[in-house]
Each structure stands twice: as C-alpha cells, then as structure tokens.
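Asks: Whatever this is, show me its structure:
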Amino acid sequence: MNGSSSEMQRKSVLEWRYHQRVIRLLLLSLLSLRMVSCASLPQRPSRPNIVLIVAEDLSLRIGAYGDPVARTPRIDAMARESVRFTNAFTAAPVCAPSRAALITGVYAQAIGAQHMRTSRAFDEPGGGPSFSYLAVPPPEVKAFPELLRRAGYFTANHRKTDFQFGDPFTIWDVNDLEAKKSQLIWRVAPKGRPFFAMINPVITHESEIWPQKHRRVLTDPNAVTVPPYLADTPVTRIDIAQHYDNIAILDSQVGEVLDSLEADGLLDNTIVIFTTDHGDGLPHAKRRLYDAGLHVPLIVRFPDGRGAGSVRTDLVSFVDLGPTILGLAGVQPPAYMLGQPFLGPDPVPERRYVFAAADRMDVSAGEWRSVRDARFEYLVNRMPGVPFFEHIAFRDRMPSMQELWHLHAEGKLTPLQESQFTAPRPPEELYDLIADPDQTVNLVSDPTYASDLTRLRAALAEFEAKTPDLSRESERAMAERMWPGLKQPTTESPVATRVAEWDGDAIALSSATAGASIGYRLKDDPPDRWRPYVDPIPLPNGMALEAKAVRYGYAESAVVEIPASPE
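Replies: Have a look, this model is predicted:
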C-alpha cells in the first residue's frame, strides 16, 4: 500500500513537471510568434554591440583635434560621424593605474592599483626589486565587461589588459593577450548575441619610439613643435616625428576595424568608442599629472548617427567610461562605481571637476594628486623631495630622454628644463590652462588667483575625504593587507547546492571567499569555455558540470566537478 502510494506520488510529481514544461513551451511559442509578427516593423535591436578602442600613450595629436602635423584621415572621418569630446582626462598618467580605473569605474588608489607596477615593488626608492603582489579590490568591485557578460553580452579583449589585479577568467569570453588571433575578435561571438570588444593597438606606445623600433621617418622633423620642457634638438624632433608616424599607422588600424564592422554587416548596430590610455609617451608627459599626461581624445560613434559631428566640452573622467558603457548596454551601473555616465538613457549633471593621481613609477617614488576644472589645474605633491626626473630604465631608452640627461650633465638646459632634475619640487601648483597650456607658470603665489586656489583646494579635499586612498600607508603594508605574508591567497573552490526550481532541480554555486566570481562549464562545452555564474543552473538528469572561482588579485581555485543528479 505504501509502495503503491509512493509510486502514485512520484508519478503525480512527474506529471506536474511535465505539464509545467508544456505550459512553458507554449508561452515561449507565443512569445516567438509575437516576435515574428513584429519582425516586419522597422526597429533596431535593443542592445547594441560596443567596440572600445584604447590606443597607447597618445595625446590630442589627431587632425580632428586641430593638429596640423597629424596624418589621421580615418579617425578624422570617424569624428565627423561621432560625438567628439574635447575635455576627456584619464585618472592616471601611466597605463596600468589608468586601465585599472577604466575597467572598474573606480580610482586606482581606492583599490590598491595605483603603483606602477604591482609586479615590481620596492622597499626603498631606487632599490632593487624586493616584493611583488597584485591589487585586491574590495569584494564588490568587478570589471565592467564581467557585468556585461552576466547580462548576456559576449565579451572579447585583444592584445592588452594590464589592470593590476591579474586576468580573472570571468571577465572575458575571449582574451587574446598574445595577439595570435585576428583583432576582429567579435567574429567568434555567437550569432544573435550582443558583443563588447576591447581592442588595444600598441603602435603608439613609448617603446615604439626607441631606436631599434625606428622605421624610416616620414614626418618632417622640422614641422613638429617641441614642448618647452624638452630640449629642442634634432634627436628630440626625430622622436616626435617618429611618434607622428606611429600615429599614422594607428589611424589605418582604426580604419581597418571600422571597415571590418561594415563588411560584417555590424556597423549599423555597433557603438564605436576611440580613446587612449593616457597622454604622450614622451618625457614630461607620461608619468606626470599635467595635461600632457592626462588629456586624451574621446570619440563616440553611434550607429544611428546620433550627435554626428557635434563637439562636447564638458569634463569627462576615465572612471566614467565603465558606467557609461553599461548604461548604453542597458545594464544598471553598480553603486560602488565612482564614475558617472556622460551618455545614455540616464543623463546626470555635468562634472565640475576631474581628479587624477600619480604614485610610484618603477623605482621612482611619488605621491601626486590633482584636480582640474574647465580652466585651472591644481596639484599637490606630497613627496616634494623627489625630482621629476630620476633614472627609470624604461624611460631612459627614449633618445629624447637621453638627450635631456646629456644636456643636464653639460649644464646646457634652459631653466625650465633644468628644473625637472632638481628638488625639492613645489608642494602645490596651480596653472591657468587657457593662458598657459604648457603649464610652465605656477600661479600658487599669485594673489590674482587666490580664490581659484582656495576653491580647487576645497574640491580636492572634499574628493579625498570621500574617496579611499590606499597610498596613506606604505606600499609594503598595503600589499601585506591584500596578500598576507606577501603570499598570493587562493580562492576557495565553489560549493554546489541543489535547489528546487518550478520546472525541476537546479544547482546553486557559492564560494567561501568574499567577492569571488564563479564560472562553470557543462559536459559538452569546449575545455576553455567558462560560463559566468549568475543564477542557479537548471540541469537535465544525467548532466554533470565543472566549476571554479577567482577573486580579483587571488589565485584561481581548483576546478571541482559537480556530479550528475540521479535519474
């Protein structure tokens, strides 16, 4: 009797699940019919593809920004079809901290990614390498491409990450760090699925100006302008001319991306964004908190021609890119992001200020902070005993930097150029960017600008009061907090829990490591494919899966196998 009752109960449950699945299929069929009936209506997909091109080490040396020497016809043509921003600024004047801010929407100093680089840290300025670590952001902080993946986007990266917290496998569907694949990485995205592709051309990087990288210089060295803080010599002019040649190659690469999107029939549903990771790779620009190191191009092309040819002068910070791209994709930016959308469905008041930071650069110590409005920049130097120019092996390979060292030794530099080798540096600086775009005249002591100085001091103080800054302790102490004993922690492996769903059982995954991101793959998935875990996973009977986890900055967990549920 009990056996018969149990069997009847089992059959009743199976019949209920069967009917629920039938109802679900009917609902899906009705939805499909509705979609088919609407297919003839002229409408665009609600979620656009997005391509973000982030070039290296490049200021506004583009024709569309008024540079008369630049040979950039493709970027100029794109600008005519786009919204062009004239006041976009990175949050750091060097690649890794800048890219950390871009990808998280959080300032690098707030997540331990402010030093260049975490993989080569020093106990004392000028000393040999003594330890290494990765930044470990707060548990809630995620790279915005991972948030896009969770929302159904296919995400792909080409050539470079350099985010300071490793390369968590949950951020990208495809991460082509070695550039073995075509940069047209969207072609591996599943049909019908929106994609986000980040493309990182490296041709304008400072290392491409080194003598062993020199190609035949096509730009006339006599046509370039030498900034007043560099020595105006043939060596310097050739470096700048080489930079312009590299920019011309970058221009053709941007054109290839646009042509390929058009050839693939994707340009009419793809937002294309062009920018650079910070200013020029030339001495004084890169690694400095002046406009030469922070002011970058930003061009946004919409497929429907929105804003084509328009120019916006409002201030934009690199921490704004993440929330803006999420909003354009229909994803709500998380509250921890410190940036604000500058485009999209949820407009916000224009910024009054942008903020930036520069800390240790290789062996050279430093702690600079800056705030800029539409006209003035105010800088604080909290390590004034460190001169601008110390020997940094990477930078010293630049011929124009070698020229500065040589002329410094001979006493042949101008007073402005020589000041870069002396200390102490001014603890505060104030510049009028309209009257003095090269930032050569410090106005801190000029009573004419006392009210501007007071206002910008207050703006920076307010920003620092509400924004974490991990440079307030030594780098070793900060690293020890993230990696106790300077040993990389390992993420705890996922644990599976079976939960009842309305149409069957499902697997919920969790990790004991706070902030861990979890990926899983099914039996038939390719071995290098890890799906992002978001919600409990419905599994047919007999289906097993594998899972692993990672917290940013930690080592990945071991892979665990979740056995199939019993029949």
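
Asks: Which residue is the nearest non-sequential neighbour of G327?
Replies: G344 (3.6 Å; Cβ to Cβ, 6 or more residues apart in numbering). Bear in mind the C-beta positions are built from the backbone N, C-alpha and C, glycine included.

Asks: Can you name the residues that contact that neighbour?
Replies: Contacts for G344 (Cβ atoms under 8 Å, 6 or more residues apart in numbering) come out as 324, 327-328.

Asks: Highest neighbour count among those residues?
Replies: With neighbours taken as other Cβ atoms under 10 Å, the top of the contacts of G344 is T324, carrying 22 neighbours.

Asks: Helix or strand: which one has that one?
Replies: Element membership for T324, per DSSP states H and E: helix 321-328.

Asks: packing partners for the next helix or strand after that helix?
Replies: Sequence-wise, the next helix or strand downstream of helix 321-328 (DSSP H and E) is strand 354-358. Secondary structure elements in contact with strand 354-358, counted by 3 or more Cβ pairs under 8 Å, 6 or more residues apart in numbering; DSSP states H and E, are strand 316-317, strand 368-372.

Asks: Give the partner strands of strand 354-358 in its sheet and their orientations.
Replies: Sheet pairing of strand 354-358 (DSSP bridges) gives strand 368-372 (antiparallel).

Asks: Work out the gap between the strand it pairs with and the centre of the chain.
Replies: 20 Å (Cα atoms, centre = their mean, to the nearest Å).

Asks: which other residues reach it?
Replies: Strand 368-372 has contacts (Cβ under 8 Å, 6+ apart) with 89, 289, 291, 294, 315, 353-359, 377-382, 433, 456, 459-460, 463-464.

Asks: Now list the buried members of the residues you listed.
Replies: The neighbour-count criterion (16 or more other Cβ atoms under 10 Å) marks 89, 289, 291, 294, 315, 353-359, 377-381, 433, 456, 459-460, 463-464 among the contacts of strand 368-372 as buried.

Asks: Rebuild the helices and strands packed on strand 354-358 as TSV, extending it with mean pLDDT.
Replies: As requested, those are arranged in TSV below (pLDDT from 0 to 100):
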stretch	mean pLDDT
strand 316-317	98
strand 368-372	98
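
Asks: now the ones you listed in TSV, with mean neighbour count?
Replies: Supplementary listing: these in TSV, determined by neighbours: other Cβ atoms under 10 Å:
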stretch	mean neighbour count
strand 316-317	26
strand 368-372	24
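
Asks: what ranges of the chain fall below the confidence cut-off?
Replies: 1-45, 126, 128, 179-183, 213-215, 502-504, 565-567 (pLDDT under 70).

Asks: domains for it, by residue range?
Replies: For the chain, automatic domain parsing gives the domain ranges 1-43, 49-485, 489-562.

Asks: hang on, A88 is in a helix, isn't it?
Replies: No. Note on A88: no helix contains this position according to DSSP: H, G, I helix; E, B strand; the rest coil, which reports strand.

Asks: Reduced to three states, what does the residue nearest to it when sequence neighbours are not counted come out as?
Replies: With Cβ to Cβ, 6+ apart as the criterion, A88 has its nearest non-adjacent residue at 3.7 Å, and that residue is L298. What three-state DSSP gives for L298 is strand.

Asks: what's the neighbour count on P73?
Replies: By other Cβ under 10 Å, the residues close to P73 number 14.

Asks: Please apply the same query to D277.
Replies: D277 has 26 nearby residues by other Cβ under 10 Å.

Asks: What residues does V363 make contact with?
Replies: When contacts are counted by Cβ under 8 Å, 6+ apart, V363 touches 122, 125-127, 390-392.

Asks: of those residues, buried ones?
Replies: 122, 390.

Asks: What is the nearest of the contacts of V363 to K160?
Replies: Of all the contacts of V363, I392 has the smallest distance to K160: 20.3 Å, by Cβ to Cβ.

Asks: That closest one: what's it in contact with?
Replies: By Cβ under 8 Å, 6+ apart, the neighbours of I392 are 287, 361-364.

Asks: Now the buried members of the residues you listed.
Replies: By 16+ other Cβ under 10 Å, the contacts of I392 give 287, 361-364 as buried.

Asks: JSON lines for the residues you listed, including distance to T72 and secondary structure?
Replies: Formatted as JSON lines, the buried ones among the contacts of I392 follow (distance: Cβ to Cβ, whole Å; DSSP: H, G, I helix; E, B strand; the rest coil):
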{"residue": "R287", "distance to T72": "25", "secondary structure": "coil"}
{"residue": "M361", "distance to T72": "29", "secondary structure": "strand"}
{"residue": "D362", "distance to T72": "31", "secondary structure": "coil"}
{"residue": "V363", "distance to T72": "35", "secondary structure": "coil"}
{"residue": "S364", "distance to T72": "33", "secondary structure": "strand"}
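
Asks: Out of the residues you listed, which is nearest to I249?
Replies: Checking the buried ones among the contacts of I392 against I249 with Cβ to Cβ, the nearest one is R287 at 23.9 Å.

Asks: wait, isn't that closest one in contact with D280?
Replies: No. Judged on Cβ atoms under 8 Å, R287 makes no contact with D280 at a distance of 10.9 Å.
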